[in-house]
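> pasted the sequence and its predicted model underneath.
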Amino acid sequence: MVTQSLLALSMLSLFGRQETMDFLSNTSADDLKLVGIVALWSGLAVNCVAPYLQVSGQQAVGPARAQILYASQPLWAAIMSFFLLGEACGIEGFSGGALFLVAMFLAATAENPDPNCPAKECEV
């Protein structure tokens, strides 16, 4: 987190020095407080806690199921944008989402292959 913060500050000083100084000189203390809170949230929650939880969960779930969750990210983004932002979704979107959920369910509930299987192809 410290490295990322230092890189961001150095980029601001190199490429946006005048714009940064204009922003800082024209803002109130409340605005600066808000920027500080947003920067802390971004640094701690988004760049520290979330990756830690992701790696911990990945170790607990296993690679196959973790990949199913990663692959479903566009589906969940579309669902959230439909409900939270009111974005439209056509019949193709709904049917594709439903088919993806069915495939995800089938993959998540499939039997694990036997690690001691003597045959060449053991997966179900």
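That came through fine.

> report the next helix or strand after the helix or strand harbouring Met21 in sequence order.
Secondary structure assignment for Met21, by DSSP states H and E: helix 17-25. Reading on from helix 17-25 to the C-terminus, the next helix or strand found by DSSP H and E is helix 29-41.

> and that next one, average pLDDT?
The average pLDDT within helix 29-41 is 85.

> same question for stretch 2-15.
78.

> outside of it, which residues touch it?
With C-beta atoms under 8 Å, 6 or more residues apart in numbering as the test, stretch 2-15 has contacts from 20, 43, 47. Every residue, glycine included, has its C-beta placed from N, CA and C.

> Lys33 versus Met11, what's the distance?
Here Met11 is placed at a distance of 23 Å from Lys33 (C-beta to C-beta, to the nearest Å).

> and what of Met21?
19 Å.

> pick the one among the contacts of stretch 2-15 closest to Ser72.
Among the contacts of stretch 2-15, Asn47 lies closest to Ser72 (C-beta to C-beta), at 22.7 Å.

> what does the pLDDT read for the closest one?
The per-residue pLDDT reported for Asn47 equals 80.

> list the contacts of Arg65.
Counting by C-beta under 8 Å, 6+ apart, Arg65 makes contact with Ala108.
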